[in-house]
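K.L.:
can't give you the sequence, but here's the structure:
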């Protein structure tokens, strides 16, 4: 055979072989069998599944099971559970999330890569796909969240807490469980989330308290605290974590005249009980508008910024 003819034949093989593979029927394990065939073995699950929202999906009518589990002919033939895809046990956080093939709403846009997406078996950790409960959840939403978030559950038992345990709100009132840009919160800013309920603290104010603009979590723990009003510490310790002691709280524990180091024009009489006043007096007894104020204080040294009224 001539060399030129051999080259031509090899060229045809490279061109025609891929075309032949496209035109030929797929392998046996890639063929679908339909829901009726699945129900012959899984009759109990199929009976419960009739009222399931997924069973009413007209887009995959007759092949609902295989829309999630994949083609099942090989599984029907050998009866091996390993020859069919099971989203509940075969989920990989680095692979394709088959649930998101259908669930494409805005609330699922950031589901991939979130901590909930990466734990154990993905969506199946919280949802029981064959069940008929609301949103196909394994159990009630509050109980479901707290099964994993035990540290948060403990905080809800502290003196000051959001009324989740009492049933007046749920975890979903603040958290977007399928993702979110701010620790699963609904809004991009934790402040915006808090202000959606506590709108009297929004402002804008002429005299502002900078931590309020930055993050409510600097002073408050939303799940629960020992201190009142969800404060992370009691007063005045919380305030003095940023502000130095001043005015009457700088009274040293000796008897006699003194001059405050913060303002040489401001002085007073020191007593042996002075330090008790420093650590037993709440700052908010005077500074009542700690989230911000539109009325300037009348003290000269603070230039109206003392948040007194």
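P.N.:
Structure's in. What do you need? The structure displayed is predicted, hence computed values, not measured ones.
K.L.:
separation between residue 288 and residue 64?
P.N.:
61 Å (C-beta to C-beta, to the nearest Å). Yep, even glycine has a C-beta here, placed from its N, CA and C like the rest.
K.L.:
now do the strands in the chain.
P.N.:
Remark: strands assigned in the chain by DSSP state E are 207-208, 256-259, 267-270, 292-293.
K.L.:
and the first one, what other elements does it pack with?
P.N.:
Pointing back at strand 207-208 there. Packing partners of strand 207-208 (3 or more C-beta pairs under 8 Å, 6 or more residues apart in numbering; DSSP states H and E): strand 292-293.
K.L.:
parallel or antiparallel, list what pairs with the strand it packs on.
P.N.:
For strand 292-293, sheet partners with direction are given as strand 207-208 (antiparallel), following DSSP bridges.
K.L.:
hmm, who's touching the strand it pairs with?
P.N.:
With C-beta atoms under 8 Å, 6 or more residues apart in numbering as the contact definition, strand 207-208 has outside contacts at 289, 292, 293, 294, 295, 296, 304, 305, 307.
K.L.:
what do you get for stretch 139-151?
P.N.:
By C-beta under 8 Å, 6+ apart, the residues outside stretch 139-151 that reach it are 119, 126, 137-138, 152-153, 156, 164-165, 167, 170-172, 177.
K.L.:
could you redo the last one with a cut-off of 10 Å?
P.N.:
Residues from elsewhere that reach stretch 139-151, judged by C-beta atoms under 10 Å, 6 or more residues apart in numbering: 116, 119-120, 125-128, 133-135, 137-138, 152-156, 164-165, 167, 169-172, 175, 177, 223.
K.L.:
low-scoring stretches of this protein, by residue?
P.N.:
1-30, 93-94, 109-115, 117-121, 179-189, 245-256, 258-279, 300-301 (pLDDT under 70).
K.L.:
domain assignment for it?
P.N.:
Structurally, the chain divides into domains by automatic domain parsing as follows: 25-83, 203-293.
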